[in-house]
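Visitor: using only what follows, build the 3D model:
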Amino acid sequence: MEADSGGTLVLSGSKLRVERKIVIPMDEESITDSPSNMRQMQGSQSTETDSQRRNMEVSDRPNTEQLNKQPEVAKAHNSFSQTGYYSRVHAPYKLRIIVLNTIFFLESHIASQQLDPGDQWTWLEYQLINARKQDQKVYLVMSTPPGVFENAYRVPGVHWFHPRHNRVYINMVRKYKDVIRGQFGGHHHSDAFRIFFSKHERPVSWLFLAPSVGPRNTELAPDVTTYNNPAMRLYMYDRDTLEVLDYVQFYLNLTSANIRQNAEWKNAYTFTTFYNVPNISLYSFTLLMSRLNDNEQLFARYYEANSMYVHKEKECDHLCARYHACALQNMDYSSFFECISAKHVTSSSYKWRGTPLKSSAASLHLEL
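Guide: Take a look at the predicted model:
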């Protein structure tokens, strides 16, 4: 995966033994042909000349002879090169991994003005319908995620998705909550997560946001209130089911590395032990949110890990804490603003307290 997506690697089994770096292949049945209007749009925006393309280094080109021997791979490669999204079905495990091109949904991208840019929404629903019919579980993988950025509270509501596409994404997750096992994203450069709720405010899905290998330059993003130390995340999964079980987070202290002129990567934490949850599941995320509401020390651990230990919890005031709390559990823009503008309901000195919480330890009702 790209560094912008969190530099994510995968480990196999519970013994933290590196099996191999996962490169997700693509199969014929899970790819649809790209619409001609997207090809035309890309052609009109390209500044590369025919001669430049002809002079491209041979090493940069796909091996056409090999691709032709695998027609399903050739078709997938062609579609991916035009749309940037694809899926892979692991039939023996009843698992479908869907890789999205969320660039099309960004408010800053011209394609986001279309109702269905690149036919990606149609394609995604087709994938989810087929997964449901075949009794498969789905992992969604993306770079830029939906929702609000938790570290830009100087300008409340900083987000990436066009509002229309943000709503479509939320509704898609709600509609296919029975097949979507989990979601993985990045782009924020911060270590965080999100919980999706139904219209009845019951948790239906979770999203991991992995920190980045590259630190954010705050001079280039003045609205952002933090930068991050470089980080690398390794997921563990069950080799029999491919279900993600846990992850280990590593980071590099840039200040120390520059002083010592030596890059020493350190083990930051393991998810289940760091947050004292049984596994990676919707139940664990809901339990975690409940504990964050009651445990100031736990919030301090979350906040310092959020920047990979660049900033300390004492630097996060009441506004900062509420912004994080609201961003973690309000994917819809309007509900996020309702959350940060709600009046405090307690006089507690704990900064997180008073934030409207959608789930509690006393009532963990999951919509499954």
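
Visitor: for the closest residue to residue 309 other than its chain neighbours, give me its contacts.
Guide: Excluding the flanking residues, the one nearest residue 309 by Cβ to Cβ, 6 or more residues apart in numbering is residue 229, at 6.1 Å. (C-beta placed from N, C-alpha, C; glycine too.) Residue 229 makes contacts with 215, 251-254, 307-310, as judged by Cβ atoms under 8 Å, 6 or more residues apart in numbering.

Visitor: go again using 6 Å as the cut-off
Guide: Shown in contact with residue 229 (Cβ atoms under 6 Å, 6 or more residues apart in numbering): 251-254, 308, 310.

Visitor: sheet partners, orientation included, of the longest strand seen in the chain?
Guide: The longest strand of the chain (DSSP state E) is strand 244-252. Strand 244-252 pairs in its sheet with strand 231-237 (antiparallel), strand 265-270 (antiparallel), by DSSP bridges.

Visitor: out of those, which gets nearest to residue 128?
Guide: strand 231-237 (21.4 Å; Cβ to Cβ).

Visitor: most widely separated two among the contacts of residue 229?
Guide: Greatest spacing in the contacts of residue 229, by Cβ to Cβ: 252 and 310 (11.3 Å).

Visitor: average pLDDT for the one helix or strand residue 257 maps to, rounded please.
Guide: Following DSSP states H and E, one finds residue 257 within helix 254-260. Across helix 254-260, the average pLDDT comes to 90.

Visitor: residues making contact with it?
Guide: Residues contacting helix 254-260 (Cβ under 6 Å, 6+ apart): 229, 263.

Visitor: give the buried residues for it.
Guide: Along helix 254-260, these residues count as buried under the neighbour rule (16 or more other Cβ atoms under 10 Å): residue 254.

Visitor: for stretch 267-284, same thing?
Guide: Under 16+ other Cβ under 10 Å, the buried positions of stretch 267-284 are 268-269, 271-272, 274-275, 277, 280-284.

Visitor: gap between the two ends of that stretch?
Guide: One end of stretch 267-284 sits 22 Å from the other (Cα to Cα, to the nearest Å).

Visitor: let me know the average pLDDT across stretch 160-170.
Guide: Stretch 160-170 comes out at a mean pLDDT of 89.

Visitor: for that stretch, which positions count as buried?
Guide: Applying a neighbour-count criterion of 16+ other Cβ under 10 Å, one finds 160-162, 165-170 buried in stretch 160-170.

Visitor: could you do stretch 133-146 as well?
Guide: Across stretch 133-146, burial judged by 16+ other Cβ under 10 Å covers 136-146.

Visitor: again with stretch 87-94
Guide: 87-89.

Visitor: can I get it in PDB? Just the C-alpha atoms.
Guide: Presented in PDB, the C-alpha positions along stretch 87-94 are these (Å, rounded to 0.1, in the frame of the first residue of the first chain):
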ATOM      1  CA  SER A  87     -11.700  -6.100  -6.000                       C
ATOM      2  CA  ARG A  88     -10.300  -9.500  -5.300                       C
ATOM      3  CA  VAL A  89     -12.300 -12.500  -4.200                       C
ATOM      4  CA  HIS A  90     -10.600 -15.100  -1.900                       C
ATOM      5  CA  ALA A  91     -13.200 -17.800  -2.600                       C
ATOM      6  CA  PRO A  92     -12.000 -20.500  -0.100                       C
ATOM      7  CA  TYR A  93     -12.300 -17.900   2.700                       C
ATOM      8  CA  LYS A  94     -15.500 -16.300   1.500                       C
END
